[in-house]
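**Q** structure for the following, please:
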Amino acid sequence: MRIAVVQQDHNPGQVEKKRAKAAGYARQALASGADLILFHEELLVGCSRQGAVLSEPVDGPTTHAFLQLLQGTDAVLVYGLTKIDGPDRFISAPVLSRTGLIANYRKTHLWWNSTGLRQETAFYKPGNQLVYFELRGSKIGVMICYDSDFPEMARTYAKRVCSILLLLNNHTSRGHQDRVSAQASDNSLIFAVSCCCGLDEKGTLGGGGSNITDDQGGLVTEIWDREGIIYADLDPSTALAHREKNRGIKRDGPNYTDKAGGNIHGQTQR
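**A** Predicted structure coming up:
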């Protein structure tokens, strides 16, 4: 499976600019034979004071733009959407293929220990289900930024026989390879991590650090201090083979649930 992870600048609130740039990266990744393409959390809106106005429904213009690019391919694309659903907003990650929306993960753990635009509990509703989908016979889980602080999430996905875990970030201190390495090796999970770089809403410069880490915690590839795409050609079945020998996982033990108590929800590509 060829995994492509895209790293873009923050550019909060610059929806049209970011959508056009993301479409260009998606075309490039598809031309390079990517099976799975990952973008960062809140790809279009980010932390913007216009967030309520700029948010989109899951079937909005960005999803439709990506769906057009996916026509004629067997690839899957996952991106960070600031999603509006009636009166509520969610930080979400739609999973798309040429057939349409496969699944949509809503961020379960919202960041709270902050003020201003980063205090997510003041603006968003939390999700209550974990989501995985299937691609070429392999199960792939999804989580977003602060979710990764809760080790139960990665363990839950591992116990549901996922071989790859996607992590979308919109913060410079999360997602780096040294942060995900232990979870990858502890759970025999391949991690694909998308971060953003450049100036954030406060004018703070972030280096990004998007990476692909193998199921034993080893760095496969990473990107810092610039926009671009990283690729890795990996066999997801190796994660499952290593997990069989991983003494830290008792596969016949109790299943875990997410913080909100919701059941993990599986979606299969059609």
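**Q** A helix includes residue 69, no?
**A** Yes: under DSSP: H, G, I helix; E, B strand; the rest coil, residue 69 falls within a helix.
**Q** got a list of what it touches?
**A** By C-beta atoms under 8 Å, 6 or more residues apart in numbering, the contact list for residue 69 reads 23, 26, 27, 30, 77. Where C-beta positions appear, they are placed from N, C-alpha and C, glycine not excepted.
**Q** residue 223 too?
**A** Contacts of residue 223 (C-beta under 8 Å, 6+ apart): 5, 7, 208, 209, 210, 211, 229, 230.
**Q** so for it, what's the pLDDT?
**A** Per-residue pLDDT puts residue 223 at 97.
**Q** confirm that it sits in a helix.
**A** No: assessed with three-state DSSP, residue 223 is strand; it does not lie in a helix.
**Q** bridged to it, which residues?
**A** Note on residue 223: beta-bridge partners residue 210, judged by DSSP bridges.
**Q** closest to residue 102 out of the contacts of residue 223?
**A** Using C-beta to C-beta, residue 5 comes nearest to residue 102 of those, at 18.6 Å.
**Q** contacts for whatever helix or strand that closest one lives in, please.
**A** Taking DSSP states H and E as the definition, residue 5 sits inside strand 2-9. Strand 2-9 has contacts (C-beta under 8 Å, 6+ apart) with 18, 21-22, 25-26, 29, 32-40, 43, 164, 190, 192-199, 208, 210-212, 223, 226-234.
**Q** what about these, which are in helices?
**A** Under the assignment DSSP state H, the contacts of strand 2-9 contribute 18, 21, 22, 25, 26, 29 to helices.
**Q** report the buried members of these.
**A** 18, 21, 22, 25, 26, 29 (16 or more other C-beta atoms under 10 Å).
**Q** pairing partners for the strand holding residue 5, with directions?
**A** Counting by DSSP bridges, strand 2-9 is paired with strand 36-38 (parallel), strand 196-199 (parallel), strand 228-233 (antiparallel).
**Q** list the buried residues of that strand.
**A** Buried residues in strand 2-9 (16+ other C-beta under 10 Å): 3, 4, 5, 6, 7, 8, 9.
**Q** and stretch 41-57, by the same measure?
**A** 41, 42, 43, 44, 45, 46, 47, 48, 51, 54, 55, 56.
**Q** farthest pair within those residues?
**A** Farthest pair in these (C-beta to C-beta) is 47 and 56. Separation: 16.1 Å.
**Q** tell me the bridge partners for the closest residue to residue 148 other than its chain neighbours.
**A** Spatial nearest neighbour of residue 148, excluding adjacent residues (C-beta to C-beta, 6 or more residues apart in numbering): residue 167 at 5.7 Å. Residue 167 forms beta bridges with residue 143, residue 193, as assigned by DSSP bridges.
**Q** how near is residue 167 to residue 247?
**A** 25 Å (C-beta to C-beta, to the nearest Å).
**Q** now residue 65
**A** 46 Å.
**Q** the more surrounded of these two?
**A** Set residue 65 next to residue 247 and count neighbours by other C-beta atoms under 10 Å: residue 65 wins out with 14 against 5.
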